[in-house]
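Visitor: here is the input, now give the coordinates:
(2 chains)
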Amino acid sequence: GQQLNQSPQSMFIQEGEDVSMNCTSSSIFNTWLWYKQEPGEGPVLLIALYKAGELTSNGRLTAQFGITRKDSFLNISASIPSDVGIYFCAGDNYGQNFVFGPGTRLSVLP
Amino acid sequence: DAGVTQSPTHLIKTRGQQVTLRCSPISGHKSVSWYQQVLGQGPQFIFQYYEKEERGRGNFPDRFSARQFPNYSSELNVNALLLGDSALYLCASSVMTGGTEAFFGQGTRLTVV
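Guide: All right, here's what the predicted structure looks like:
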């Protein structure tokens, strides 16, 4: 079945640094979603991407839908302590569901 | 506006028992999907319902079943619980099917002992 890979698996950064993470697949997707999940909570939708090449921002977050439709990137600028969490990408290919990656765990050091 | 609500938030069951989890979608959303999230992994798709009909099923055994009611709320049932069913069960709400944005509830933490 379809699988997504996320890198890095985890990252430790200093407060104020910029963060980049990506998501890749062997399959083409028509929609990419990025979520953040904190312990004991459900995933919270950050950004939705619907078109190849699309670049979308949400505050300090910017995500891009890769032109091959097999990848997506999420950048966080000027990280703050509340950015800590697990970031998941999810892809949909007009199916009934989203396929999730294994997540990137972000830790922000003060 | 209320988001996706799930109940209960936590549940402890014994092996072999049955469990029912409930979900109320965002007002105006007609699609509900269920996901299982095992610790340390991303959510795995179980079911999707739209307009009270099953529109998709993931790779889960027949012990898992679900339904959607006329008010678009949904129930997930799991029979003959196994230790491996211990997970966070997430409900996602969408306006419709087909790749539209999905909004998750806080989940139900199920522990099977």
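Visitor: residues of chain B that sit close to chain A?
Guide: Where proximity means C-beta under 8 Å from any C-beta of the partner chain, the interface of chain B facing chain A comprises B:4, B:6, B:33, B:35, B:41-45, B:48, B:55-56, B:58-59, B:88, B:90, B:92, B:97-107, B:109. All C-beta spots, glycine's among them, are computed from the backbone N, C-alpha and C.
Visitor: for the one residue sitting closest to the centre of chain B, what are its contacts?
Guide: Note on chain B: the residue nearest the mean C-alpha position is residue B:34, at 3.2 Å, using C-alpha atoms, centre = their mean. For residue B:34, the contacting residues are B:23, B:45-48, B:66, B:74, B:76, B:89-92, by C-beta atoms under 8 Å, 6 or more residues apart in numbering or on different chains.
Visitor: could you redo the last one with a cut-off of 7 Å?
Guide: Contacts for residue B:34 (C-beta atoms under 7 Å, 6 or more residues apart in numbering or on different chains) come out as B:46-47, B:66, B:76, B:89, B:91.
Visitor: who wins on neighbours among those residues?
Guide: residue B:91 (30 neighbours; other C-beta atoms under 10 Å in any protein chain shown).
Visitor: isn't there a strand covering that residue?
Guide: Yes - note on residue B:91: a strand contains this position according to DSSP: H, G, I helix; E, B strand; the rest coil.
Visitor: please name every helix or strand in contact with the helix or strand of chain B with the lowest mean pLDDT.
Guide: In chain B, no helix or strand scores lower on mean pLDDT, DSSP states H and E than strand B:53-57, which sits at a mean of 92. Here strand B:53-57 touches strand B:44-50, going by 3 or more C-beta pairs under 7 Å, 6 or more residues apart in numbering or on different chains; DSSP states H and E.
Visitor: so what strands line up beside the helix or strand harbouring residue A:32?
Guide: Using DSSP states H and E, the element containing residue A:32 is strand A:31-37. In the sheet containing strand A:31-37, its partner strands are strand A:44-49 (antiparallel), strand A:85-92 (antiparallel), by DSSP bridges.
Visitor: how about those in CSV, adding distance to residue A:11 and mean pLDDT?
Guide: Formatted as CSV, the entries for the strands paired with strand A:31-37 read as follows, by distance: least, C-beta to C-beta, whole Å; pLDDT from 0 to 100:
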stretch, distance to residue A:11, mean pLDDT
strand A:44-49, 17, 96
strand A:85-92, 10, 96
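Visitor: which one of those strands lies nearest to residue A:28?
Guide: strand A:85-92 (8.8 Å; C-beta to C-beta).
Visitor: what residues does chain A put near chain B?
Guide: For chain A, the residues found near chain B under the criterion C-beta under 7 Å from any C-beta of the partner chain are A:30-31, A:33, A:41-43, A:45, A:48, A:88, A:92, A:94-98, A:100-103.
Visitor: please pick the buried ones from these.
Guide: Using 16 or more other C-beta atoms under 10 Å in any protein chain shown as the burial test, these include A:30-31, A:33, A:42-43, A:45, A:48, A:88, A:92, A:95-98, A:100-103 as buried.
Visitor: quick one: the strands in the chain?
Guide: Let's take chain A. Assigned strands in chain A, in chain order: A:4-7, A:10-14, A:19-25, A:31-37, A:44-49, A:55-58, A:61-65, A:71-76, A:85-92, A:99-100, A:104-109 (criterion: DSSP state E).
Visitor: was after chain B, sorry
Guide: Using DSSP E, the strands of chain B run over B:5-7, B:10-13, B:19-24, B:31-37, B:44-50, B:53-57, B:64-68, B:74-78, B:87-94, B:103-104, B:108-112.
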